[in-house]
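[1] One predicted model, sequence on top.
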Amino acid sequence: MATFSQVAVWRERLLARDDTVGPMRIRALNEAAAHILLGTMASVGATVAIVTLVSFSWPCASVVGHWVQVALSSLTLGLFAYVVVTIMIVINLLWDAYQEEGTRAPRDLDE
């Protein structure tokens, strides 16, 4: 959530400038913010699945208990894989926005 707040502040600072801001930077920050929020929701879902797995005593002889464990374990693994991929996507988007900012003409120091 702190990362989302930081990206939102960067976006507001870019939009508050007097000069025109490239649409690619704003789009990259918007997309990064969306991925950050979805990654946060996936992290919460994975945490709930892990807490459910460790909180209950699953009988080993029960077929239903075994398949619930398999389903929750698979869900957790899938959600954490999604979070890792999301982190890589966000890093790429923020790097693109950072590089585009660095290629702009230098601003006046009097501002």
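    Noted; the coordinates are in hand. Please read all numbers here as calculations on a predicted model, not as lab measurements.

[2] so how far is the helix or strand where residue 95 lies off the chain centroid?
    Counting by DSSP states H and E, the element that carries residue 95 is helix 63-102. Here helix 63-102 shows a centroid-to-chain-centroid distance of 8 Å under the convention Cα atoms, centre = their mean, to the nearest Å.

[3] Now do the contacts for residue 97.
    Contact analysis of residue 97 by Cβ atoms under 8 Å, 6 or more residues apart in numbering lists 10, 24, 25, 28, 29, 32. All C-beta atoms are positioned from the backbone trio N, CA, C, and that covers glycine.

[4] ok, 7 Å please
    Listed by Cβ atoms under 7 Å, 6 or more residues apart in numbering, the contact set of residue 97 reads 25, 28, 29.

[5] Go through the helix or strand hosting the last one and flag the buried ones.
    Pointing back at residue 29 there. Using DSSP H and E, residue 29 sits within helix 23-55. Neighbour counts over helix 23-55 (16 or more other Cβ atoms under 10 Å) mark 25, 28-29, 31-33, 35-36, 39, 42, 45-46, 49-50 as buried.

[6] tell me what that helix is packed against?
    helix 2-16, helix 63-102 (3 or more Cβ pairs under 7 Å, 6 or more residues apart in numbering; DSSP states H and E).

[7] That concludes my questions; thank you for your assistance.
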